[in-house]
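# For reference, the sequence and a predicted model appear below.
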Amino acid sequence: HDADAAYAKYQSTNPEWAWRFRVQKAHMLVFRGSFAESLQLLKEEVPTSLAHSEVAVRRRMVQGLDYTYMQRMDEADTELAAAEAMASGFGPDVRGDLLQARGNLEVGRKRYDQAADAFREALSIARKGNLPFLEVNAVGNLGNVAMWEEHYDEAIDWYKLALQKAQATGTVSSAALALGNIGWNYTEVGDLASAGTVLKQAEQESERDGLLGNRVYWLSVLGDVYYRQGRFADAEEISHQALSLASSRDDKAAVTNCLNILSEIALATGRLDKAEKYNQEALTIERAGLDRFGIASSTIIAGRIAARKKQYREAEKAFQKVIRDPSVETPQRWEAQAGLAQVHAAMGHAALAEREFSESVNTISKARNELQREEFRLSFLSTAIRFYDAYVNFLVGQKRSLDALKVADLSRAQTLEHGLSPGSGEKSTSPEQIHPQEIARRWNATLLFYWLGEERSHLWVITPARVSWLPLPGRAEIDGRVQSYLAAFPSPSDPLETGNADGKKLYEMLIGPAEKLIPKNSRVIILPDSDLNSLNFETLIVTGDRPHYWIEDVTLFTGNSLALLSRSSPTAPPGDASLFLMGDALQASPDFPALPQAGKEVGLVQSYFPAGRRSVLTGAHPRDREHDSSARVGSDSFARRRCLQALCARHCATSRTRVSGHDIRLQWGRDEDLCGRRAGWLGVGFSSCWGAQRYWRTLGSQQRFDAAADG
C-alpha cells in the first residue's frame, strides 16, 4: 500500500521515483508469489531517460525472477543477462541482488555448482559492504543449494544461520522462509515431529506477514508430514486448503504438489478413483510444461495406481521412466526401484524383483552415508521405511522368512552402526554374517524380533534350536494399543488391579503367539520396532487363573539389532562395581514437580553399593556441569552390564536433563553387550511416577535393578 501511494504521488511529477516504487511493488509481489501480477506491473518499458538507470536494471532483474519462479527459464535468462549487461557502475547492493537472481535461475536449471558460486559471491559482497539483508538471503540460498543436492544436514545448518541473522535484523519474511526450509529438510531426514512443529510456525508467520506463496508451500509440506505420520484426515484437510490457495494464485508448482499429496492420501485410504483423478490433474499440468519439478513424483504415483489396478506393464513403464532419469532425487529413485520390484513380484518374476530391491538398498545406503550429522542418520530410516516394509513382505511371501528377518535387521543395523560410529572405519555387518540361532545360543536367551508394517507385522522368535516366524496385525492397530496403555500409567490406579484391557490385549498380540516357545523363568531379549520402543514389556498383563505382569515369568532385556548383538558377548559382572546415581530432585518448575517416591527409589538402589563406590546426586545438589561416564564410573562398572529400554530406546544420545532447576548434560553410553559399543557404561532409568504400580511404584527400582543384576 505504501508503494502504491508513493507511485501515485510521483507518477506525474517525478517519473524516476514513480518507477522506483513500481519496481519495488513488483518485487514485493514476487515475495508473495504473485508472479503474473508482478510481470503485468512491469510490462511497460521505462522512460528513455531511465533506460540506463538502476531502475531499469532492477526492472529486468525482477522480471527474471518472475520467469524463474514460473519455470520459464529461457525468458528468465534473457532478462537477467540484459540486467547484468546494464549493471556495471552501480553499487554492490545491485550486483549482489543480481547474483542472487542468477543463482535462483541456476537452481531452477539444476546447475547447482553455478548457483553456489553466485550465492557465495553475493555473500562475500554482503559481508564486505555490511549489507545484512543481502547476507541473510545469500546464506538462505546456499541452504537451498545444499538442499537440492540432497545434503540435508548441511542445508539445515545454513537455514539456521539464516534464521538467526534474519531475527537479528528484523527481516520477518526471511525468518519465515528460513523456518519453513528447516521444516522441509527435517522431513527429508525423517524427523517428522520436528518438521511438523517448525512448518506450522512457518505457515503461521507467513500468513501473518502476508507471504501467501510461502504459506501455500508450507501448508502443502505440512500435509505431506501428516500423511507420513498416518494422520490422513488432517493431511487431507490441510492439503485441500493449500490446493485452494495455490489454485487461486495460479501457482502451478504448488498445485501439482498438493495434487500429489492428495493422490498419496487417497491411495493410502483405498480410494483408487480419487487417487487417479488427482494424479491425472497433476500430470496434465506437468505435461503442458507448466511445472517441471513435480513430474517424477506424479509419475511414481501413476505407477502405483497402475499396479493397484493390475496394469503391470503401465506400472513398469512409469517406474522405469523415473529410474532412468539422471536428474531425479534420490528418495524418488529408491521409491521407483521399490515400486518396480513389487510389480515384478506381482507378475511372478521373483529374480527381477530381488534385483530391484537390492538396487534400492544400495541407493538408500548411499544416501544415508552422505549425511554427516548423527541425529539425522538415526532418523533417516523413517524416510525409507515403506521400501523396507515392501521388501520384508516380499521375502515372507516367498517363504523366505529368515532372509526377511535379515533385511529387517539390516534397516536398523546400518542406521545404528553408521549413526553411532561415524568415521570409525569399521565395516558394517552384512546380512550373510548374521546367524540368529548362534546369537541366541551365545546369549542363552530367546530373542523376540518385531517388525511393524503398514498392512501386516511380523515377529521372529529366535531360540538356540530354531527361528520361527509369526504374523501380527498392522502397525496402526498395535501402536494404537501401545499409546492407549501408556496413557493409563499416570493414573493412580494399578492397571493390573483394574484389569486394563490394553495391557491384556498387548500380551495376547505380542507375546501370546510365541508363548509356547518361551521357557518360564528364562532370559528374553526384545528387539522392538515403532511405538514398541516406548513400551515396557515387563508390564504386559498375563491373563489366566492368576493375572500378573510378565516380569514375574521372565528376565527381560532390550536390544536394537541382531548385527550389533552378534558383535558382542555377555560378560560376567565385575567384583568392584561402582554407581553414579542421580534422582530425587526438587521441583524444577510446575511442569516438572518433585516425585514423591523418588527418595525411596534412590535409597533402594544405592544400598547395593558401599559408600566409597557410589556417587549420588539428590535434592538441590546438581549444578550446570558435564557428567561423563569415564569421570564417574569405570568402564568395567556394573553399569555396563545391561541396558534397559527405559533410558535408551534406540541409540546413544546426548540428553539435557532438567534437575532441581538446573540443566545437566548427560552423555549416555549404551551397553557394549546390547549395542556393540566398545566403551562407556550403562544407564538404567528409574521412575517413581511412570510404570505398572505394584512393581514400579513401590518396588520399581529394586525390581529393575535385580533384573539388570541377574547374570
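In hand now; what should we look at? Only a predicted model underlies this, so the values are computations on that prediction, with no experimental measurement involved. Numbering: from 1, shown residues only.
# Could you list the low-pLDDT ranges of the stretch 1-150 of the chain?
Counting by pLDDT under 70, the stretch 1-150 of the chain contains low-confidence residues at 1-13.
# one more time with 90
Applying pLDDT under 90 to the stretch 1-150 of the chain flags residues 1-21, 24, 28-36, 48-49, 51, 69-71, 87-89, 108-110, 147-150.
# three-state assignment of Leu556?
strand (DSSP: H, G, I helix; E, B strand; the rest coil).
# and it, what does it touch?
By CB atoms under 8 Å, 6 or more residues apart in numbering, Leu556 lies in contact with Val524, Ile525, Ile526, Phe537, Glu538, Trp550, Ala707. In short, each C-beta sits where N, CA and C put it, glycine included.
# and if we set it to 6 Å?
Applying CB atoms under 6 Å, 6 or more residues apart in numbering to Leu556 gives the contacts Val524, Phe537, Glu538.
# again with Thr299
Ala318, Lys321, Val322.
# and if you look at Tyr485?
The contact partners of Tyr485, by CB under 6 Å, 6+ apart, come to Asp502, Gly503.
# Reduced to three states, what does Gly599 come out as?
Gly599 - assigned by three-state DSSP - is helix.
# Can you give me every residue that contacts it?
By CB under 6 Å, 6+ apart, the neighbours of Gly599 are Asp584.
# Quick check: pLDDT value at it.
At Gly599, the predicted lDDT confidence score is 82.
# got it, and Arg670?
pLDDT at Arg670 comes out at 33.
# top of the contacts of Thr299 by neighbour count?
Ala318 (25 neighbours; other CB atoms under 10 Å).
# Leu527 versus that one, what's the distance?
To Leu527, Ala318 is 36 Å away according to CB to CB, to the nearest Å.
# now Glu45
70 Å.
# Just confirm Ser194 contacts Tyr186, I think it does.
Yes - taking contacts as CB atoms under 6 Å, Ser194 lies within contact range of Tyr186: 4.6 Å.
# Tell me which of those two has more neighbours.
Per other CB under 10 Å, whichever of Ser194 and Tyr186 has more neighbours is Tyr186, with 24 against 19.
# shouldn't that one be in contact with Gly196?
No - with contact defined as CB under 6 Å, Tyr186 and Gly196 do not form a contacting pair (8.5 Å).
# ok, which stretches of the stretch 51-200 of the chain are helices?
Under the criterion DSSP state H, counting those that start in this stretch, the stretch 51-200 of the chain contains helices at 54-69, 73-86, 92-108, 112-129, 132-148, 152-169, 172-188, 192-208.
# closest to Leu340 out of those helices?
helix 172-188 (22.3 Å; CB to CB).
# Which of the residues in stretch 445-456 are classified as buried?
For stretch 445-456, a neighbour-count test (16 or more other CB atoms under 10 Å) marks Ala445, Thr446, Leu447, Leu448, Phe449, Tyr450, Trp451, Leu452, Gly453, Arg456 as buried.
# which ones are touching the fourth one?
Taking CB under 6 Å, 6+ apart, we find Leu448 in contact with Ile526.
# Helix or strand: which one has it?
Element membership for Leu448 (DSSP states H and E) is strand 446-451.
# Now do that strand against strand 554-558: the angle between them, please.
Interaxial angle, strand 446-451 versus strand 554-558 (axes from the mean of the first three to the mean of the last three CA atoms, to 10 degrees): 50 degrees.
# Tell me which helix or strand comes right after strand 446-451.
Immediately after strand 446-451, counting by DSSP H and E, sits strand 457-462.
# where's the following helix or strand past that next one relative to the chain centroid, distance-wise?
Going down the chain from strand 457-462, the next helix or strand is strand 467-472, by DSSP H and E. On the basis of CA atoms, centre = their mean, to the nearest Å, strand 467-472 sits 29 Å off its chain's mean C-alpha point.
# quick one: contacts of strand 467-472?
Outside strand 467-472, the residues touching it (CB under 6 Å, 6+ apart) are Ser401, Leu402, Pro436, Ser457, Leu459, Trp460, Val461, Pro513.
# 8 Å instead, please
Outside strand 467-472, the residues that reach it (CB under 8 Å, 6+ apart) are 396, 401-402, 404-405, 436-437, 450, 452, 456-462, 478, 509-510, 513-514, 517.
# that older thread, out of Glu45 and Leu527, which sits in the busier spot?
Leu527 (23 against 10).
# Can you name the residues bridging to the closest residue to the more buried one other than its chain neighbours?
Residue nearest to Leu527 in three dimensions, not counting chain neighbours: Phe449, with 4.4 Å by CB to CB, 6 or more residues apart in numbering. When assigned by DSSP bridges, Phe449 has beta-bridge partners Trp460, Leu527.
# show me the contacts for Phe449.
Leu405, Ala408, Asp409, Leu459, Trp460, Ile462, Leu527, Leu562.
# pretty sure the second one contacts His458?
Pointing back at Ala408 there. Yes - counting by CB atoms under 8 Å, Ala408 touches His458, with 7.3 Å between them.
# Got the phi and psi for Val46?
phi -70, psi 160 (degrees, to the nearest 10).
# Distance check, it against Arg287.
Distance, Val46 to Arg287, using CB to CB: 37 Å.
# So between the two, which is more surrounded?
Comparing Val46 with Arg287 by other CB under 10 Å, the one with more neighbours is Val46, at 19 against 11.
# Show the low-confidence segments of the stretch 351-500 of the chain, by residue range.
If you take pLDDT under 90 as the line, the stretch 351-500 of the chain has these spans: 354-391, 407-434, 453-455, 475-476, 479-480, 483, 486-499.
# any idea where the helices of it begin and end?
All helices of the stretch 351-500 of the chain, identified by DSSP H, counting those that start in this stretch, fall at 374-379, 381-397, 401-420, 436-443, 475-486.
# Ok, which of these comes nearest Arg333?
That would be helix 381-397 among the helices of the stretch 351-500 of the chain, by CB to CB, at 10.9 Å.
# Which strands or helices does the closest one pack on?
Judged by 3 or more CB pairs under 8 Å, 6 or more residues apart in numbering; DSSP states H and E, helix 381-397 is in contact with helix 330-346, helix 350-369, helix 401-420.
# Now do that helix against strand 467-472, angle only.
110 degrees.
# Give me the contact list for helix 381-397.
By CB under 8 Å, 6+ apart, helix 381-397 touches 187-192, 228, 331, 334-335, 338, 341-342, 345, 353, 357, 360-361, 364, 401, 403-404, 407-408, 411-412, 415, 451, 453-456, 458, 469.
# Any of those residues buried? List them.
By 16+ other CB under 10 Å, those give 187-192, 228, 331, 334-335, 338, 341-342, 345, 353, 357, 360-361, 364, 401, 403-404, 407-408, 411-412, 415, 451, 453, 456, 458, 469 as buried.
# still on that earlier bit, dump the helices of the stretch 51-200 of the chain into JSON lines; add distance to Leu272 as well.
Listed next are the helices of the stretch 51-200 of the chain as JSON lines, based on distance: least, CB to CB, whole Å:
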{"stretch": "helix 54-69", "distance to Leu272": "34"}
{"stretch": "helix 73-86", "distance to Leu272": "36"}
{"stretch": "helix 92-108", "distance to Leu272": "34"}
{"stretch": "helix 112-129", "distance to Leu272": "38"}
{"stretch": "helix 132-148", "distance to Leu272": "33"}
{"stretch": "helix 152-169", "distance to Leu272": "33"}
{"stretch": "helix 172-188", "distance to Leu272": "26"}
{"stretch": "helix 192-208", "distance to Leu272": "26"}
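# Out of these, which gets nearest to Tyr217?
helix 172-188 (6.9 Å).
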